[in-house]
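A.B. asks: following is a predicted model, sequence given first.
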2 protein chains.
Amino acid sequence: MTDRHIIATYHVTSDAARISERALSLAIEQSVECPLDAIGDPWVRDAILGRVALIEEIAEGRYAVRIALAAATAPPEPGQLLNMLFGNASIQPDVVLADVELPASYGEAFGGPRLGITGIRDRTGVHGRALTASALKPQGLSPAALAVIASRLARGGVDLIKDDHGITDQAYSPFGERIRAVGRAVHEANAATGGRTLYAPHVSGSLDDMRRQLDLLRGEGIEALMLIPMIVGLANFHTLVREAEGVVVLAHPAMSGAARIAPPLLLGKLFRLLGADATVFPHAGGRFAYTPETCRALAEAARQSWDGMKPCLPVPAGGVTIDRVAELLSFYGQDVMLLIGGSLLAAGDRLTEQAALFTAEVAQHGK
Amino acid sequence: MTDRHIIATYHVTSDAARISERALSLAIEQSVECPLDAIGDPWVRDAILGRVALIEEIAEGRYAVRIALAAATAPPEPGQLLNMLFGNASIQPDVVLADVELPASYGEAFGGPRLGITGIRDRTGVHGRALTASALKPQGLSPAALAVIASRLARGGVDLIKDDHGITDQAYSPFGERIRAVGRAVHEANAATGGRTLYAPHVSGSLDDMRRQLDLLRGEGIEALMLIPMIVGLANFHTLVREAEGVVVLAHPAMSGAARIAPPLLLGKLFRLLGADATVFPHAGGRFAYTPETCRALAEAARQSWDGMKPCLPVPAGGVTIDRVAELLSFYGQDVMLLIGGSLLAAGDRLTEQAALFTAEVAQHGK
C-alpha cells in the first residue's frame, strides 16, 4: 500500500459468476461514480478510479473485496472520508463496509485520542484495575434528582458517570442547570470520599450548541463529555475534539445502525422537515434497491400537505436514463426533478446535445 | 394524538408470542432506557415513559408497532429528535423505523423548505413541466474541466447542475476555485441562452467549513447548494438551512443506509481516529445483537498499536450486570471501562451500595 491509497474492504453477497463485475461496480461507485466510458481524462482513469485489489470468498456466496481508493479523493476531512468509504454503498443492500486501512498521514492529520487510556487513568487515579462507569437516568428527572443519583454513584466509587444519551437540553432538565447540579454533586462526593469520579455530560446539537455546552462544562470544572458522532456529524465531532483540550471525550454509538430507517421517512419527511428544498434519491430499477412503492411513498412524503409546510421537490436519480423519462414522469407527475448523471456524461463531446435531448424529452411530456 | 406526543411506527420482526413484550421493550429503549422498576418518580412513569399504542400484524412474523413518545424528551432539535426516534433502536437488528407523526409545533419550529417547489420553479423559470438536473463528474477533474461540463449541461438546458456528491474540497479541485469556475461557466451559459440554470455546489465539512463555503458561493452569486444531512449532522444541516436564506438546498442521501458499517470499524477504529478517548458499545449477550467476535474486534481496533496514536478505551455496555464483571474482564482484559446503567439504578435507594458492589467487584478482579 502506498501513501496515495486507502484500502477499503467490503463484504459483498454475490454468486461466483457475478462477483468480479460487482466488485468493479463498487470500485466505481466509491470513486468516480460514473460509467468508465464517461471518463475522458486519462489521469482520472489512472489515479482516481478505484481499483479492485483482491476478491476472496469468505463464505458460500459471500466475498471480501479489497478496493484501493485514491487518497486524493478523501483528504483528511472526517465527513468526506466516510462519504468516500461508504456514502453511496451504504444504500446498496448487498455490501458491508468491513475494514479500512489508511495512510499514516490520516492519523497525523486527525490526531486520534487526546487523552486515551493513560489520560483517563491519570484523571481518575485508577491503575492496576479496570475502570467503571454508570449513566444518569431515567429521562425525565430534574437536575436535582439526577444530582442525587450522581452523588450516590460517585460515592459508590464509580469512575465515570455519564448522562443517559437521551438526556440533552430538555425543559425538565436544562443543560446548564443539570451539569451544574450534577457536577457539584460529583465534586462534593469526591471531596468527601477522596475519589476522583468524572462526570461526562451529553453534548449535542449543532456545532454552535456544542461549543456553548463545552464552555458551560469547562466553567463548572467538568473534565469529560459524551457525544454521538453519527448524529452530530463526524466533522463537528472532530472539531469539538480539537477544542476540548484536556476534556475526556466519550463517543456514543446511537444511530450507528441507521440503515434501517425507511427512506420515505428519512429522505422524504424528515429532510423536508429540516428544510430541504429538494431531495435526491435513487429511483427504482437503477443501481439501487429501492422498490417503486418506496419511491412513490418517498415522493408523497416530500410533497403532501403537512402542517402548512411547503412541499419538497423529489429528485429521483441513480441510473435514470433518457429513455425512462416518460415512464418516470408518468410515475411521479410533474412536480419532480429528474436527475440524470452518468448516462448523460457518457456522451463526451456531444454532451450538450445529449443534455438537450434530455431536456426536450422532459419538456415534451409537460402539461 | 396530542401535542404532547410523537407517534413513532416501527416494523418489528417477531413471533406472535413475544411481540407484546418486544414492543414494550422498544418503548422503554426509546424513552427512559432503564428497567421499569428503576423509575422512582411517578411523573416519569406517567409522562415520559413511551407507550405502546398499537400492535398490528402486517405480515407473517412482522408487526407494526406504534409507540407514543413524550414530545418533551425530544424538543425541536434535529439531532435529538433522531436520537429519540431511532438512536438506540438503530442498533437492534429486528426493528425498522417506519414512520413518524409529529405535533404541529415541530413544523413551526423547524420551518420546512424555505423555497420548496414554487421557489425552485420561480428561480429556474420552469412552469408547466418537470425540472431537470445533472451532476458534475467524474471525481478528479479540474475546476476548468468541470466548468466545461457545466457549461455544456447549462447550454443543453438542464435546470440544475450539482457537484457529484464525492466532490468536496480536494487538491485537484479546491472548493473556491471550482465554484468560481463552474458558477461563471453556468452564468455565461445562461447569459448566452437566456436560460436560468442553477448550480448547486456540494457544501461539506464542519459547520464552520460549511459557513465559509456558503459565503464563497454567495459571493459568486450562486443560488443553490447540496449537502449530505446524514454526514454533516442533522442539526448542522438545519443551522445552515436557516442561514442560507434565498439559496436552494438539496439533500443527498449518502450514508442514509449506514447500519451496515462493521461496528469494529466505525465505533472502534474511526471514532478513535477522530479523537474519542473512550468508545461505548453494546457488549454481546445484552440487549443488542453484537457477537463476542464483534466485541473483541471492536476492542482490538480501539486499542491496538496504530501509527503512534494513543489507544482508545473500550466501554462495553448495554445490559451488563454486576454478575458479569468477572466474565467481561476475562474477555477484555484490564484496559476497559465497564458501563452498567439500568441494572444498577434498579437498586433505588440502595444505589450507593449497589454501585459499591460493582466497583468492588471490578477492583477484586484487578491485577
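C.D. replies: In hand now; what should we look at? Residues are numbered from 1 along each chain as shown, chains lettered A, B, ... in the order given.
A.B. asks: helix or strand: which one has the residue nearest the centre of chain A?
C.D. replies: The residue lying closest to the centre of chain A (CA atoms, centre = their mean) is A:M230, at 5.1 Å. Using DSSP states H and E, A:M230 maps to helix A:229-232.
A.B. asks: from what I see, the residue nearest to the centre of chain A and A:M255 are in contact.
C.D. replies: Yes. Counting by CB atoms under 8 Å, A:M230 does reach A:M255; the two are 4.1 Å apart. Quick note: C-beta positions are derived from backbone N, CA and C, even for glycine.
A.B. asks: picking up where we left off before, just confirm yes or no for the helix holding A:M230 near chain B.
C.D. replies: Yes. Helix A:229-232 lies within reach of chain B by CB under 8 Å from any CB of the partner chain, at A:229-232.
A.B. asks: now the strands for the stretch 251-367 of chain A?
C.D. replies: A:278-282, A:313-317, A:337-339 (DSSP state E, counting those that start in this stretch).
A.B. asks: could these go into CSV alongside mean pLDDT and mean neighbour count?
C.D. replies: Listed next are the strands of the stretch 251-367 of chain A as CSV, based on pLDDT from 0 to 100; neighbours: other CB atoms under 10 Å in any protein chain shown:
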stretch, mean pLDDT, mean neighbour count
strand A:278-282, 69, 28
strand A:313-317, 79, 27
strand A:337-339, 77, 26
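A.B. asks: can I get these in CSV with distance to B:G195?
C.D. replies: What follows is those, written out as CSV (distance: least, CB to CB, whole Å):
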stretch, distance to B:G195
strand A:278-282, 18
strand A:313-317, 18
strand A:337-339, 15
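A.B. asks: adding distance to chain B, write these out as TSV.
C.D. replies: Formatted as TSV, the strands of the stretch 251-367 of chain A follow (distance: least, CB to the nearest CB, whole Å):
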stretch	distance to chain B
strand A:278-282	5
strand A:313-317	5
strand A:337-339	4
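A.B. asks: now do the helices in the stretch 51-200 of chain A.
C.D. replies: Using DSSP state H, counting those that start in this stretch, the helices found in the stretch 51-200 of chain A span residues A:78-82, A:104-110, A:116-124, A:143-155, A:175-193.
A.B. asks: which one of the ones you listed is the most hemmed in?
C.D. replies: helix A:78-82 (a mean of 28; mean count of other CB atoms under 10 Å in any protein chain shown).
A.B. asks: is that helix in proximity to chain B?
C.D. replies: Yes. Using CB under 8 Å from any CB, we find that helix A:78-82 touches chain B at A:78-80, A:82.
A.B. asks: what's the answer for stretch A:144-157, then?
C.D. replies: Yes. Contact of stretch A:144-157 with chain B (CB under 8 Å from any CB) involves A:145, A:149, A:152-153, A:155-157.
A.B. asks: how does chain A divide into domains?
C.D. replies: A:5-107, A:116-251, A:262-364 (automatic domain parsing).
A.B. asks: what's the pLDDT at A:E60?
C.D. replies: Note on A:E60: pLDDT of 94.
A.B. asks: what number of residues lie near it?
C.D. replies: Residues lying near A:E60 (other CB atoms under 10 Å in any protein chain shown) number 7.
A.B. asks: look up how far A:M226 lies from it.
C.D. replies: 41 Å (CB to CB, to the nearest Å).
A.B. asks: return the helix or strand in chain A with minimum mean pLDDT.
C.D. replies: helix A:271-274 (a mean of 64; mean pLDDT, DSSP states H and E).
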